[in-house]
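> I would like the atomic coordinates for the input below:
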Amino acid sequence: MKISHIEHIGIAVKSLDEAIPYYEKVLGLKCYNIEEVADQKVKTAFFKVGEVKIELLESTDPAGPIGKFVEKKGQGIHHLAFAVDNVNEALTEVEANGVATIDKTARKGAEGLNIGFLHPKSTLGVLTEFCCE
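Numbering: from 1, shown residues only. Next comes the predicted model:
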């Protein structure tokens, strides 16, 4: 597995309508994409900072993963995503090294990326995502 760069940092928010103005008006960033990922019960908004993206995540269902996260921990950093050549190979490699994964195989995520998550109990408390085109 070769990690090429940080693909994005995922930040859980209660409301995109409330969060986007902070990133645009205060930080001077431009939201370039908003989309809903229905099977993950989330609506996302993306900003670019150099080559790294910031992904804001708003739950579309309180029982979804982001809804549960915000309810339990509040708004804030949700996950760190790394770009890899092949998500399935990366998941297999980390599992061989004793890391628990949430996903056994890649699935579709926002922006059409293939994604797979590692369990934070195996990653020093940081929910980690692998992604690739």
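> show me where this structure has strands.
3-13, 31-37, 42-49, 52-59, 76-84, 107-108, 114-118, 128-132 (DSSP state E).
> which stretch among those strands comes nearest G98?
strand 114-118 (11.4 Å; CB to CB). Backbone N, C-alpha and C define where each C-beta goes, glycine included.
> how big is the angle separating the closest one from strand 128-132?
Going by axes from the mean of the first three to the mean of the last three CA atoms, to 10 degrees, strand 114-118 is angled at 160 degrees with respect to strand 128-132.
> Which elements pack onto strand 114-118?
Using 3 or more CB pairs under 8 Å, 6 or more residues apart in numbering; DSSP states H and E as the contact criterion, the neighbours of strand 114-118 among helices and strands are helix 87-96, strand 107-108, strand 128-132.
> now with 7 Å?
Counting by 3 or more CB pairs under 7 Å, 6 or more residues apart in numbering; DSSP states H and E, the packing neighbours recorded for strand 114-118 are helix 87-96, strand 128-132.
> Deepest in the core, which of these is it.
With neighbours defined as mean count of other CB atoms under 10 Å, these peak in mean count at strand 128-132, which reaches a mean of 23.
> Tell me the strands beside that strand, with direction?
Using DSSP bridges, the neighbouring strands of strand 128-132 in the sheet come out as strand 76-84 (parallel), strand 114-118 (antiparallel).
> Find the one among the ones you listed with the highest mean neighbour count.
The densest packing among these, expressed as mean neighbour count by mean count of other CB under 10 Å, is seen in strand 114-118 with a mean of 21.
> For it, which outside residues touch it?
Strand 114-118 is touched from outside by 87, 91, 94, 99, 101-103, 106-109, 127-132, with contacts defined as CB atoms under 7 Å, 6 or more residues apart in numbering.
> any idea of the mean pLDDT for it?
Across strand 114-118, pLDDT averages out at 98.
> Need the CA coordinates for it. PDB is fine.
C-alpha atoms of strand 114-118 as PDB (Å, rounded to 0.1, in the frame of the first residue of the first chain):
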ATOM      1  CA  ASN A 114     -14.100   4.300  -3.700                       C
ATOM      2  CA  ILE A 115     -13.800   4.300   0.100                       C
ATOM      3  CA  GLY A 116     -13.100   2.000   3.000                       C
ATOM      4  CA  PHE A 117     -12.900   2.700   6.700                       C
ATOM      5  CA  LEU A 118     -10.600   1.400   9.500                       C
END
